[in-house]
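>>> coordinates only, sequence not included:
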Ligand code: PLP
């Protein structure tokens, strides 16, 4: 007797939608003459001395696992960097873990801390992976509006209004993907006060900390006492144009990091070895490259911001990361219709804002990590498309 046929797929995982970004990426990749302002990754190549360091490590036979925590030399350099820029000291032996990008860091942080049924507050719109990662950890995402009505900032008052007895923490990802918004010092101060008052954790994804324009990046770690209730996540993908190397890091007080380490140890063992050699070189010699790329992003940022406003799509100043988030409602189209028709009619890929949360509706995300010339051409095409509507 054979058993009755049943689904072999987890209902829990099946209920999660695949990323709305990839769909547009795959479409543009197969379109001749297409320009992608879609996927959020640097168009720059990893700087040559960083690539060379990884090649040297491979040729020298460094092809084994590293420590589960990551190479100690890399952890020491990370500790030094954070101490220098944030004035906060993490112990490289017990409080820093090298991860497979910030992606793994987000997953570990949530899984190591959230209980079934806990609630995690997250800005809406925000990075597409946050809500699924919260769900995978058994918790529930509680979206808090961070749209045009708040200048795309995550406001302490709105956070406080969303707190319940089940609230475990606040996931803060600023500079923000998709809006390009940054938080003001008073926002961070307010978030810190709430975290303290309600005894919450802060999961702080600061992957865009080197891509802030017109002022310094501010971190939740800058606020005295927050180190003790923060899981700080950062990495190499964006600032050093190293998305493919898959290297990031998580920093947290030792008792929390020890739990994250167990999941990491049993699921991925250690970060990529060649990638860690590349990351060491990035921290040692990559600063001029970061500054060169920053200057170029800044130039492109001004172009897209100006051009969207000129063509009648209101766009607030993108102050961080490499995204602009214009309002497409003046065209009468929804963000999905706009993105789909723009792709078909003008071969330009952007992402509908609703892919990042319900409050992203009416907007599109345009990533300016593409060459100035390509962006200019894409803007001409978008202007032509808008004028036709
Ligand atoms: N966090 C944010 C806000 C992102 O935008 C991205 C990538 O787009 C990531 C994390 C993932 O970064 P990583 O390549 O370090 O996994």
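Alright, I've got the coordinates. Predicted model only: the values in this text are computed from it and were never measured. Numbering: from 1, shown residues only.

>>> All the strands of the stretch 1-150 of the chain, residue numbers only.
Assigned by DSSP state E, counting those that start in this stretch, the stretch 1-150 of the chain shows strands spanning 35-36, 96-99, 119-124, 140-145.

>>> mind checking pLDDT for the nearest residue to residue 38 once chain neighbours are set aside?
For residue 38, ignoring the flanking residues on the chain, the nearest one in space by CB to CB, 6 or more residues apart in numbering is residue 349 at 3.9 Å. For glycine as for every other residue, the C-beta is placed from the backbone atoms N, C-alpha and C. At residue 349, the model reports a pLDDT of 95.

>>> Quick check, residue 349 in contact with residue 40.
No. The criterion here is CB atoms under 8 Å, and residue 349 misses it with residue 40 at 11.9 Å.

>>> Of the two, which one has the most company?
More crowded of residue 349 and residue 40, by other CB atoms under 10 Å: residue 349, with 26 against 23.

>>> ok, residue 61 - how many residues close by?
Using other CB under 10 Å: residue 61 sits among 7 other residues.

>>> before we move on, what about residue 322?
Residues contacting residue 322 under the criterion other CB under 10 Å number 29.

>>> Could you check how far it is from residue 130?
According to CB to CB, to the nearest Å, residue 322 and residue 130 sit 19 Å apart.

>>> sorry, back to before: could you save the strands of the stretch 1-150 of the chain as a markdown table and add columns showing distance to residue 195, mean pLDDT and mean neighbour count?
Output for the strands of the stretch 1-150 of the chain, formatted as a markdown table (distance: least, CB to CB, whole Å; pLDDT from 0 to 100; neighbours: other CB atoms under 10 Å):
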| stretch | distance to residue 195 | mean pLDDT | mean neighbour count |
| --- | --- | --- | --- |
| strand 35-36 | 38 | 94 | 23 |
| strand 96-99 | 22 | 98 | 27 |
| strand 119-124 | 10 | 98 | 25 |
| strand 140-145 | 14 | 98 | 19 |
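
>>> Go through the ones you listed and name the closest to residue 272.
strand 96-99 (9.4 Å; CB to CB).

>>> what are the pairing partners of the closest one, and which direction each?
Here strand 96-99 is paired, per DSSP bridges, with strand 248-251 (antiparallel).

>>> contacts for the partner strand?
The contact list for strand 248-251 (CB atoms under 8 Å, 6 or more residues apart in numbering) reads 70, 75, 78, 82, 90, 95-105, 108-109, 207, 231-237, 257, 260.

>>> cool, and stretch 57-70?
By CB under 8 Å, 6+ apart, the list of residues contacting stretch 57-70 from outside reads 75, 93, 96-99, 249, 261, 264-265, 269-271, 273-274, 276-277.

>>> Could you pull out the buried residues of that stretch?
57, 66, 68, 69, 70 (16 or more other CB atoms under 10 Å).

>>> Noted, bye for now.
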